[in-house]
Every structure is written in structure tokens, then in C-alpha cells.
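Trainee: here is a sequence with its predicted model. Questions after.
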Amino acid sequence: MLERLFALLLLALALPAAAVEIKDDLGQVTQIAAPPQRIVSLLPSLTETVCELGACARLVGVDRYSNFPAQVNAVPKLGGMEDTNVELIASLKPDVVLVAVSSRVAERLKTLGLKVIALEPRSYKDVQRVLNIIGQVLGVSDAQRVWRQIEAGVAAAASSVPASARGVRVYYEVASGIWAAGESSFMGETLTKLGAGNIIPASLGPFPKINPEFVVKANPALIMIGQRGSEGLTQRPGWDRIDAIKRGRICIFKPEEGDILARPGPRMAEAAQIMARCLREKASS
């Protein structure tokens, strides 16, 4: 009897694990037979998620903008959205390639026989879902521990915002041109959790392109903007009438802060802390 049980145990161990079916944000289903040991990530937020889930050492290539944690700078950089080096990716022989939904090379990579998973979080709900999906890909059983840490960190940041800063109307410019963070974006959701208002309604979409006159008419009490796009801000036609500019209530984020703020992933609690500090220092005065 014991010999038979032992034989059955050996047989079970010899059988391959059942493949995991991953449905990505394009509705495409990819079968993962075993946790990938060679991973390419072409979106910074996905790179950071892979690393936070303990698989940084499995990354064999990343996009040029992936720069955190520091160890990802030691792996090959594969270009950006416009100049992804497909040939180099193929030469790395990845088990899976993680790309943005908007990636222009996903189909080409698939024709080369590579497994491609397209994910692009834009909201808090998306971040939680993507954590689950990447956790499945990596074979991590409790990917939601990262989500719990994010929630706790955002709540702590919110508790640090004084009552005098709550309700302040904010304009957050994410890129020159001008593109703003709307209420339905992860940045907008963070502002809401911190008790701030947002002059860009959810009806305009997560990251709408805004007419400068819209901002003038909305008259925000506080402006958040990255260092790269802040040059000439106060000289924009008509913007001298905006309350935030008249009162010097402008938070200009350093490039490294901008990276944290712009990536919907594991560092969202840090992003909330940066925004909360801005509200404490500028909106409560």
C-alpha cells in the first residue's frame, strides 16, 4: 500500500503544472505553462510591479524610461514607444513580454512567436487588477499584499492633510500641450482621497487635452505641475488672472517626483505623500 502511494506521489510530481490562462486588457488570452524566468517589460509601471512582487532578477530587458528600482538600469534598455528595438527583444529570448495597451509592436512581437501581455492601468481599480494579473503570471500567491500597502499609505497621506486644505480646487497638468489629470485618472482619484477638488471633471476623461482658457475660467486655487513643463507657466496669456498664480500656490515637482506621480503602480502611496505635502505647504497657508 505504501509503495503504491509513493508511486502515485512521484507521478504527481512528474506531471507539469496546469497552465494559467491570462486575459489581458486587449481581451487576448495567453497561456503561461510555468512562471516565466525571462521577462521583458516595456512600461515603467509594469516594471515596478514585477520588481515589487519579487521578480526583478527575472527581467532581461526594459523600456528606456524604466528606472526604478535602481537594479533595472543594469539590464538592456529596449527603446520607447516610438523606437522599440524588436530585434533586440527577440534576441533576449523572453518567456513573456509585458507591454502597454497602446504599444505599436505587440503584434509584431507575437508574429515572432513571443508571448505578449498588454496591460495599462489608469485608475486605482486598474492597478489592483493588474497586480492580480502580474501576480498570476509570476506565480505569486498574494499579490494583493502590495495593494494593501498602497491603500494604507494613501490613507496615511490623507490623514496628514489639514482641514484648511481640504476642498481646495486643483489643476494638475501632466504634460505640456496641455494635458491634465482628470477626476477619473489615478492621479485624480488620489486628489479626491486627499480631500482636494479637481477642476477637470470625470466627463472629460482620465487625461484630456485642455484649452488654456478652460483653466483660466475654472480659476484653480492650486496648480500642480512637473518641472519639465513649468517653464513659462506664469506668462501664459490670461493666466495671471488665476488665483493660484496670483497667490503663488504652485507646486513644481522635480523629475524624480514626476516619475513617482505618473506611474500607476507600487509607489502610489509615495505619490499621495508628495501631493499631500503640496497641499499642506501651499493650500493651507
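Mentor: Thanks, I have it.

Trainee: where does this structure dip in pLDDT?
Mentor: The model of the chain has pLDDT under 70 over residues 1-18, 285.

Trainee: how is it divided into domains?
Mentor: Using automatic domain parsing, the domain parsing of the chain gives 17-141, 161-283.

Trainee: nearest to I150, of the ones you listed?
Mentor: In terms of C-beta to C-beta, the element of the domains of the chain nearest to I150 is domain 161-283, at 5.0 Å. C-betas here are computed from N, CA, C, even on glycine.

Trainee: what distance separates the start and the end of that closest one?
Mentor: 10 Å (C-alpha to C-alpha, to the nearest Å).

Trainee: same check on stretch 139-149?
Mentor: Start-to-end span of stretch 139-149 (C-alpha to C-alpha) is 20 Å.

Trainee: run through the strands of the stretch 101-250 of the chain in chain order.
Mentor: Listed in chain order, the strands found in the stretch 101-250 of the chain under DSSP state E, counting those that start in this stretch are 116-118, 169-175, 179-180, 197-198, 222-226, 250-253.

Trainee: sorry, back to before: okay, the domains of the chain in TSV with distance to Q149 next?
Mentor: Formatted as TSV, the domains of the chain follow (distance: least, C-beta to C-beta, whole Å):
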stretch	distance to Q149
domain 17-141	9
domain 161-283	7
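
Trainee: and T49, what does it touch?
Mentor: With contacts defined as C-beta atoms under 8 Å, 6 or more residues apart in numbering, the neighbours of T49 are 130-131, 134, 146, 265-266.

Trainee: now with 10 Å, please.
Mentor: Counting by C-beta atoms under 10 Å, 6 or more residues apart in numbering, T49 touches 41, 43, 55, 98, 119, 121, 127, 130-131, 133-135, 138, 143, 146, 263-267.

Trainee: off-centre distance for the host helix or strand of it?
Mentor: Assigned by DSSP states H and E, T49 belongs to helix 44-52. Distance of helix 44-52 from the chain centroid (C-alpha atoms, centre = their mean, to the nearest Å) equals 8 Å.
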